[in-house]
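Colleague: With the input below, show me the fold.
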Amino acid sequence: MLRVEGVSKRFGGVQAVDGVSFTVADSEIHGLIGPNGAGKTTMINLISGFLRPSSGRILLGDREIQNLAPEVVARSGIARTFQNLRLFPNLSVRRNIEVAESHARDGGDPALVGDAIERFGLGPVLSLAPDALSYGHMRRLEIIRALALRPQILLLDEPAAGMNPEETEELFRNLLWLRERHPCAILLIDHDLKFIMSASEMLTVMSMGRLLASGLPQDVTRNEEVIRAYLGHGETV
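Modeller: Residues are numbered from 1 along each chain as shown. Below is the predicted model of the structure:
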């Protein structure tokens, strides 16, 4: 469904992404990991249209999307969350979701959004402003707002950041529920290796802007380059 082909991004003299290629299949949960500064968020920004690559192609199905504006990418079927929360602070929780619904593909899916609100525990707080929510609830709101666009691919940039182990486990269960309720692909970035290894069916590893490995998690984590990038010596990740 999503193909990244030889994508590079340079900021002046800094090569943030260097010739990276990988594929995310239909309805797949695909983890994207790497040390700090690996280029993961830059890659999400490239896929979602917030940045344009210096070279390479990004395809959704057979359509090239690397030169489309973010709002066009979103309407094409790719929705995202952000590493640093970007909710609408002056709108209620309900209105944050409704704004996304009004731009959804094919008229949206109110039943899906309603089910997600209940599943993620936001029913009692719909009338509140986002800054009145706990951090975990704000993270859930951002996921539901992205889901309201009815995406084919959901890009989640560190959705478990700042969560305690119980919240992370709940997020894991909710992602599995979401993928069953709305069969979309999920590209997932996170630094919690236990969480991302449990959730991901395929795994791509970046380091210093380059692709280190891509494949089944159990194979990728035995890759010598991946082990060196994370640990610097010959232990298993």
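
Colleague: and the longest helix anywhere in the chain, which residues are buried?
Modeller: The longest helix of the chain (DSSP state H) is helix 165-181. Buried residues in helix 165-181, counted by 16 or more other C-beta atoms under 10 Å: 167-168, 170-172, 174-175, 178-179, 181. Glycine gets a C-beta too; all of them are placed from N, C-alpha and C.

Colleague: which outside residues touch it?
Modeller: With contacts defined as C-beta atoms under 8 Å, 6 or more residues apart in numbering, helix 165-181 is touched by 27, 29, 112, 115-116, 119-120, 136, 139-140, 143, 147, 154, 159-160, 163, 184, 186, 188, 192, 195, 198-199.

Colleague: repeat that with 7 Å
Modeller: Contact with helix 165-181 is made by 27, 29, 112, 115-116, 119-120, 136, 147, 159-160, 163, 186, 192, 195, 198-199, as judged by C-beta atoms under 7 Å, 6 or more residues apart in numbering.

Colleague: Distance from it to the middle of the chain?
Modeller: Between the centre of helix 165-181 and the centre of its chain there are 14 Å (C-alpha atoms, centre = their mean, to the nearest Å).

Colleague: Repeat that for stretch 158-168.
Modeller: The answer for stretch 158-168 is 14 Å, by C-alpha atoms, centre = their mean.

Colleague: Quick check: the gap between the closest residue to residue 152 other than its chain neighbours and residue 173.
Modeller: Distances taken as C-beta to C-beta, 6 or more residues apart in numbering place residue 77 nearest to residue 152, at 3.6 Å, with adjacent residues excluded. Counting by C-beta to C-beta, to the nearest Å, the separation of residue 77 from residue 173 is 25 Å.

Colleague: can you check residue 83 too?
Modeller: From residue 83 to residue 173 the distance is 22 Å (C-beta to C-beta).

Colleague: what about the residue nearest to residue 152, how many residues close to it?
Modeller: Residues lying near residue 77 (other C-beta atoms under 10 Å) number 22.

Colleague: Same question for the one 3 residues further on.
Modeller: With neighbours defined by other C-beta under 10 Å, the count for residue 80 comes to 24.

Colleague: Report the contact partners of it.
Modeller: Applying C-beta under 7 Å, 6+ apart, the residues contacting residue 80 are 44, 48, 146, 155, 157.

Colleague: what stretches of the chain score poorly on pLDDT?
Modeller: Within the chain, the stretches with pLDDT under 70 are 231-237.

Colleague: got the residue ranges for the strands in it?
Modeller: Remark: strands assigned in the chain by DSSP state E are 2-11, 14-24, 29-33, 55-60, 63-64, 78-80, 153-157, 185-189, 202-207, 210-215.

Colleague: ok, the first one: who's next to it in the sheet?
Modeller: To tie it back to what came earlier, the one meant is strand 2-11. Strand 2-11 has its sheet partners listed here by DSSP bridges as strand 14-24 (antiparallel), strand 55-60 (antiparallel).

Colleague: got the contact list for it?
Modeller: For strand 2-11, with C-beta under 7 Å, 6+ apart as the criterion, the contacting residues are 16-24, 42, 46, 51, 53-60, 153, 185.
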